[in-house]
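> Just to be clear, the model below is a prediction. Sequence and coordinates:
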Amino acid sequence: MSNKPGTEDAREVEPDMETAPAAPADATEDSPYQADHEAFMRLATENEELKDRALRIAADMENLRRRTARDVHDARVYAIANFARDMLGVSDDLNRALAAIPAEAKASGDAGFKALIDGVEMTERAMLNALERHGVKRLEPQGEKFDPNFHQAMFEVPDPSVPANTVVQVVQTGYVIGDRVLRPAMVGVSKGGPKQAAPQPAAEPGPLDAQAEKDA
């Protein structure tokens, strides 16, 4: 039996295929990319949630700003409503005092008595002018269509020549402050006449006086 040179040495250096370590089953070529994709999707979802939360907070802050601005405006315009209502009572008393003076007394020509009457009239006008500067407006419903939002009907006056529900007499003057009724006008309305073709526009109060804005 002959031995060829180099045969045994070659057999000794051949690797043992049965004992070679096997590659991990999950060690795929794209596994790092899959992990990066999942991390990206998670961050994108969190970003959308944060964006939605930020938009909601911004909307809430805008609503709060508008409510605050409206509350400040209402406080400035309507803060004197109760005081103005009380002052209207004083104005009514002054007006009744003037109405109670007999006509012959007014025509007597007495200088002192005339000065007293003029002083009361000036006081009433000054009071109403001061209230008007702060947004209190007088209602002038004479001849207008009756509006339950601004008028209070006290009685009816039969008059077929006047359209029905027309204010034909003002018993007590009404006032508004801003766009709210401070005191409705007490009126007498007509009945028995033809219906009015179209309603008259309601009296709208004008803007506040600049001096009132400054004083508020």
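Sure, I can see it. Numbering: from 1, shown residues only.

> So which elements touch the top helix by length along the chain?
For the chain, the longest helix by residue count, based on DSSP state H, is helix 31-78. Contact partners of helix 31-78 among helices and strands, from 3 or more C-beta pairs under 8 Å, 6 or more residues apart in numbering; DSSP states H and E: none. Heads up, the C-betas are built off the backbone N, CA and C, glycines and all.

> What mean pLDDT does that helix get?
Helix 31-78 comes out with an average pLDDT of 86.

> Report the next helix or strand after that helix in sequence order.
Sequence-wise, the next helix or strand downstream of helix 31-78 (DSSP states H and E) is helix 81-99.

> Which strands or helices does the helix or strand that that next one is followed by pack on?
As assigned by DSSP H and E, the chain's next helix or strand after helix 81-99 is helix 103-106. Judged by 3+ C-beta pairs under 8 Å, 6+ apart, helix 103-106 is in contact with helix 111-133.

> got the buried residues for the helix it packs on?
124, 128, 131-132 (16 or more other C-beta atoms under 10 Å).

> Output that helix as CSV, nothing but the C-alphas.
Output in CSV follows, covering the C-alpha atoms of helix 111-133 (Å, rounded to 0.1, in the frame of the first residue of the first chain):
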residue,chain,number,x,y,z
ALA,A,111,-87.9,136.7,38.3
GLY,A,112,-87.1,134.5,41.3
PHE,A,113,-89.7,131.9,40.4
LYS,A,114,-88.5,131.8,36.8
ALA,A,115,-84.9,131.4,37.9
LEU,A,116,-86.0,128.4,40.0
ILE,A,117,-87.8,126.8,37.1
ASP,A,118,-84.8,127.4,34.8
GLY,A,119,-82.5,125.9,37.3
VAL,A,120,-84.5,122.7,37.7
GLU,A,121,-84.8,122.4,33.9
MET,A,122,-81.0,122.9,33.5
THR,A,123,-80.3,120.2,36.2
GLU,A,124,-82.5,117.7,34.4
ARG,A,125,-80.9,118.4,31.0
ALA,A,126,-77.4,118.2,32.5
MET,A,127,-78.2,114.8,34.1
LEU,A,128,-79.6,113.4,30.9
ASN,A,129,-76.7,114.7,28.9
ALA,A,130,-74.2,113.1,31.3
LEU,A,131,-76.0,109.8,31.0
GLU,A,132,-76.0,110.1,27.2
ARG,A,133,-72.3,110.5,27.1
